[in-house]
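Colleague: dropping a prediction and its sequence here:
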Amino acid sequence: EAGVAQSPRYKIIEKRQSVAFWCNPISGHATLYWYQQILGQGPKLLIQFQNNGVVDDSQLPKDRFSAERLKGVDSTLKIQPAKLEDSAVYLCASSLGDRGFPGELFFGEGSRLTVL
Amino acid sequence: GQNIDQPTEMTATEGAIVQINCTYQTSGFNGLFWYQQHAGEAPTFLSYNVLDGLEEKGRFSSFLSRSKGYSYLLLKELQMKDSASYLCAARSASKIIFGSGTRLSIRP
């Protein structure tokens, strides 16, 4: 079974530039999450989708971050404009959701962003 | 609010036993996860507790006390490959909130 796919793996940009990350979850997984993990910290939930609807985006900085999940499958996370403090690993995860084992997350390898 | 606390760092000896504690305060709590994360890699699932008690899975065991808002992960017969961060995560309604992680170092 293919895992969660993310791209790009690494991205270096200057502050005020924009960047987009892509995620393809495990087939059949209804729930998709974007987490931000700053070095030395635990993952922080940015946004959670159930199919193509947003379940929670309370910690998403909406003035600069946006995310969408068209057709309830792939998702993109965009940052525009980027700030130095956005340097982190952006982890995408998926789960079956309530239809299966309650909430085990399967993570992608992450997209490491460096903002200069 | 939501709060998850775990020690920042721990050190243990190869072959020994180590217990990593986690305390949580979340509304709508309905389960506690433990994940392992090696440096530069994504977290991987270790265990899930929803009822009070001990769940054993090979060298790893996880315990939950819902009344105390407390969990621990017990690692036995430590191996060098167990050097990693261990993340405690609480399920609150449909959200999964992670703690900051405990970085475990194993010395020979």
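Modeller: Happy to help now that I have it.

Colleague: now do the same contact list for residue 38.
Modeller: Here I'm looking at chain A. Residue A:38 is in contact with A:44, A:87-88, counting by C-beta atoms under 8 Å, 6 or more residues apart in numbering or on different chains. (C-beta placed from N, C-alpha, C; glycine too.)

Colleague: the chain in question should be chain B.
Modeller: For residue B:38, the residues meeting the contact criterion (C-beta under 8 Å, 6+ apart) are B:83-85.

Colleague: now do residue A:23
Modeller: The neighbourhood of residue A:23, defined by C-beta under 8 Å, 6+ apart, consists of A:4-6, A:32, A:34, A:74-77, A:92, A:108.

Colleague: just the buried ones from those residues?
Modeller: In the contacts of residue A:23, burial by neighbour count holds for A:4, A:6, A:32, A:34, A:75, A:77, A:92, A:108, counting by 16 or more other C-beta atoms under 10 Å in any protein chain shown.

Colleague: and which of those is nearest residue A:15?
Modeller: Distances from the buried ones among the contacts of residue A:23 to residue A:15 were compared by C-beta to C-beta; the smallest belongs to residue A:77, at 17.8 Å.

Colleague: whichever strand or helix holds the closest one - contacts with which helices or strands?
Modeller: Residue A:77 is located in strand A:75-79, with elements delineated by DSSP states H and E. Helices and strands touching strand A:75-79, as assessed by 3 or more C-beta pairs under 8 Å, 6 or more residues apart in numbering or on different chains; DSSP states H and E, comprise strand A:19-24, strand A:31-37, strand A:44-50, strand A:65-68, strand A:88-95.

Colleague: contacting residues around it?
Modeller: Counting contacts by C-beta under 8 Å, 6+ apart, the residues outside strand A:75-79 that touch it are A:18-23, A:25, A:32, A:34, A:46-47, A:49, A:64-69, A:86, A:90, A:92, A:113.

Colleague: what does chain A have sitting close to chain B?
Modeller: Remark: the part of chain A in contact with chain B comprises A:31, A:33, A:35, A:40-45, A:48, A:50, A:55-56, A:91, A:97-98, A:101-110, using C-beta under 8 Å from any C-beta of the partner chain.
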